[in-house]
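A.B. asks: I need the structure of the sequence given here:
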Amino acid sequence: MSERARSVSTAWSRRAWPQVEARTRGVRGRWDGIAPNVRGIIWILLSGVFFTVMSAVIKLLGTRIPVLEILFVRQLVLSVFVAPTVLRSPVAAFRTPYPGLHALRVTLSVVAMSAGFAAIVHMPLADAVAIGFSKSFFVTIFAILILGEIVSRQRWGATIAGFLGVIIMLQPSPEGLDRYALLSLVSAAAAGLIMVIIRRLAQKEKLVTVMAYQSIGVGLVFAGPALWSWVPPTPTEWLLLLSVGLLSGAGQSLNFAGFRVGEAAAVASADYLRLVYATLLGLWLFGEFPSLATLIGAAVIVATSVYSITYERSRGAREARLAAARPVEAPAE
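C.D. replies: Okay, here's the model as predicted:
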């Protein structure tokens with residue numbers, strides 16, 4: 001670069017950079033001025049877009065590429081995200097007093113992803129997403145059985161109603177259940193149990209340890225079956241395969257950000273808009289439209305879940321007010 005060009009560039013930077021910084025501070029200030037719960041909902045809505053697009057890409061790839069191969073490449077991409085943190089201190093990242101819980105979580109992740117991806121490939125996209133919402137029903141059941149959580153009558157009523165919504169979507173008949181709908185339900189049950197295990201691990205483990213076992217452990221499990229049934233992807237399919245991992249990583253990061261800044265009870269219901277995204281994408285890309293039974297069942301599950309979230313939020317606020325109003329006992333002299 002010539003001396004004159006360098007001086008022009010320096011002069012431009014001195015004038016322009018303060019303006020860029022001022023605009024950045026202004027945008028950040030306006031964003032920080034938004035209520036935390038609203039910011040959380042925005043992150044959850046964006047994560048839903050990434051997860052739904054990821055599901056659509058999986059459905060496109062699944063017409064030629066085996067599901068296990070898709071899952072293996074996805075885990076490879078996620079492992080790249082985790083690798084810098086793990087490599088800084090690999091022994092510390094994998095050191096845990098709870099190897100059994102991590103092994104169970106990896107096993108359940110393999111079940112949830114294998115069953116869920118297979119359902120996405122072979123079912124209408126909106127139907128698979130809708131049945132996946134039954135995860136909230138299984139979270140309640142497993143939280144009672146494993147964590148010993150006390151559930152109110154209102155929550156039990158909502159849980160039973162949500163189960164009826166699942167039955168409506170599955171449409172059981174004397175001929176039996178659709179096997180891919182059943183796979184989607186198995187995936188939701190495994191995902192619900194994973195969430196309960198994460199609750200237990202989150203109280204005792206480092207985040208890097210939880211992420212390392214999930215991304216790398218699941219990838220190792222899928223490696224053998226994926227390589228055994230490997231179908232060489234085309235350049236376009238390679239791009240789509242890599243995008244599955246990137247979309248998944250972005251969706252998980254946005255989901256984490258949403259629950260970090262907002263109250264779980266306030267932001268969780270925003271995830272149900274994924275059914276709208278899935279319906280629109282399914283109609284546009286695959287000419288699919290969810291069945292009436294799916295729409296009715298999903299409406300029941302969404303309504304009961306929103307009721308549970310609202311009830312738990314109001315109960316928490318009521319308990320907080322009572323605690324604040326309770327007189328503080330003076331210490332004994």
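A.B. asks: What is the burial count for Val306?
C.D. replies: Number of residues near Val306 (other Cβ atoms under 10 Å) recorded here: 14. Where C-beta positions appear, they are placed from N, C-alpha and C, glycine not excepted.
A.B. asks: For the stretch 51-200 of the chain, which residues score under the pLDDT cut-off?
C.D. replies: 149-151, 155, 172-177 (pLDDT under 70).
A.B. asks: Could you pull out the helices in it for me?
C.D. replies: Using DSSP state H, counting those that start in this stretch, the helices of the stretch 51-200 of the chain run over residues 67-88, 90-94, 99-122, 125-132, 135-147, 153-170, 179-202.
A.B. asks: could you dump those helices to CSV with mean neighbour count and distance to Ser248?
C.D. replies: Output for those, formatted as CSV (neighbours: other Cβ atoms under 10 Å; distance: least, Cβ to Cβ, whole Å):
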stretch, mean neighbour count, distance to Ser248
helix 67-88, 19, 6
helix 90-94, 13, 20
helix 99-122, 20, 10
helix 125-132, 28, 15
helix 135-147, 19, 17
helix 153-170, 18, 25
helix 179-202, 20, 14
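A.B. asks: Quick one, which of the ones you listed gets closest to Leu240.
C.D. replies: For Leu240, the closest of these is helix 67-88, at 9.0 Å, according to Cβ to Cβ.
A.B. asks: Show me where the stretch 201-333 of the chain dips below the pLDDT cut-off.
C.D. replies: Along the stretch 201-333 of the chain, segments meeting pLDDT under 70 span 202-203, 262-269, 308-309, 311-313, 315-333.
A.B. asks: the helices in it, which residues?
C.D. replies: So, for the stretch 201-333 of the chain - with DSSP H, counting those that start in this stretch - the helices run 207-228, 235-261, 264-267, 274-286, 292-325.
A.B. asks: Pipe those helices into TSV and attach distance to Phe142 per row.
C.D. replies: Converted to TSV, these look like this (distance: least, Cβ to Cβ, whole Å):
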stretch	distance to Phe142
helix 207-228	18
helix 235-261	19
helix 264-267	17
helix 274-286	22
helix 292-325	15
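A.B. asks: Pro124: which of the ones you listed is closest?
C.D. replies: That would be helix 274-286 among the helices of the stretch 201-333 of the chain, by Cβ to Cβ, at 5.7 Å.
A.B. asks: If I take that closest one and helix 125-132, what angle do their directions form?
C.D. replies: Orientation check (axes from the mean of the first three to the mean of the last three Cα atoms, to 10 degrees): helix 274-286 against helix 125-132 gives 150 degrees.
A.B. asks: and helix 274-286, what does it pack onto?
C.D. replies: helix 36-61, helix 125-132 (3 or more Cβ pairs under 8 Å, 6 or more residues apart in numbering; DSSP states H and E).
A.B. asks: So for Gly245, which of those helices sits nearest?
C.D. replies: helix 36-61 (8.9 Å).
A.B. asks: And the closest one, what does it pack against?
C.D. replies: Counting contacts by 3+ Cβ pairs under 8 Å, 6+ apart, helix 36-61 packs against helix 67-88, helix 99-122, helix 125-132, helix 235-261, helix 264-267, helix 274-286.
A.B. asks: Report how many residues lie close to Val231.
C.D. replies: Counted with other Cβ under 10 Å, the neighbours of Val231 add up to 11.
A.B. asks: rewinding a little: format the helices and strands packed on helix 36-61 as JSON lines; extra columns: distance to Pro225.
C.D. replies: Shown next, in JSON lines, are the helices and strands packed on helix 36-61 (distance: least, Cβ to Cβ, whole Å):
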{"stretch": "helix 67-88", "distance to Pro225": "5"}
{"stretch": "helix 99-122", "distance to Pro225": "9"}
{"stretch": "helix 125-132", "distance to Pro225": "22"}
{"stretch": "helix 235-261", "distance to Pro225": "16"}
{"stretch": "helix 264-267", "distance to Pro225": "35"}
{"stretch": "helix 274-286", "distance to Pro225": "27"}
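A.B. asks: who wins for proximity to Ile194 among these?
C.D. replies: helix 99-122 (5.0 Å).
A.B. asks: Which secondary structure elements does the closest one sit against?
C.D. replies: Contacts defined by 3+ Cβ pairs under 8 Å, 6+ apart place helix 99-122 against helix 36-61, helix 67-88, helix 125-132, helix 179-202, helix 207-228.
A.B. asks: Dump those to TSV, plus distance to Val166.
C.D. replies: Conversion of those to TSV gives the following (distance: least, Cβ to Cβ, whole Å):
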stretch	distance to Val166
helix 36-61	19
helix 67-88	23
helix 125-132	7
helix 179-202	7
helix 207-228	26
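A.B. asks: For Ser314, which of those helices is the nearest?
C.D. replies: Smallest distance to Ser314 across the helices and strands packed on helix 99-122 (Cβ to Cβ): 14.4 Å, for helix 36-61.
A.B. asks: ok now do Ala226, which residues does it touch?
C.D. replies: If a contact means Cβ atoms under 8 Å, 6 or more residues apart in numbering, then Ala226 has Pro66, Leu68, Glu69, Leu71, Phe72, Val73 as its contacts.
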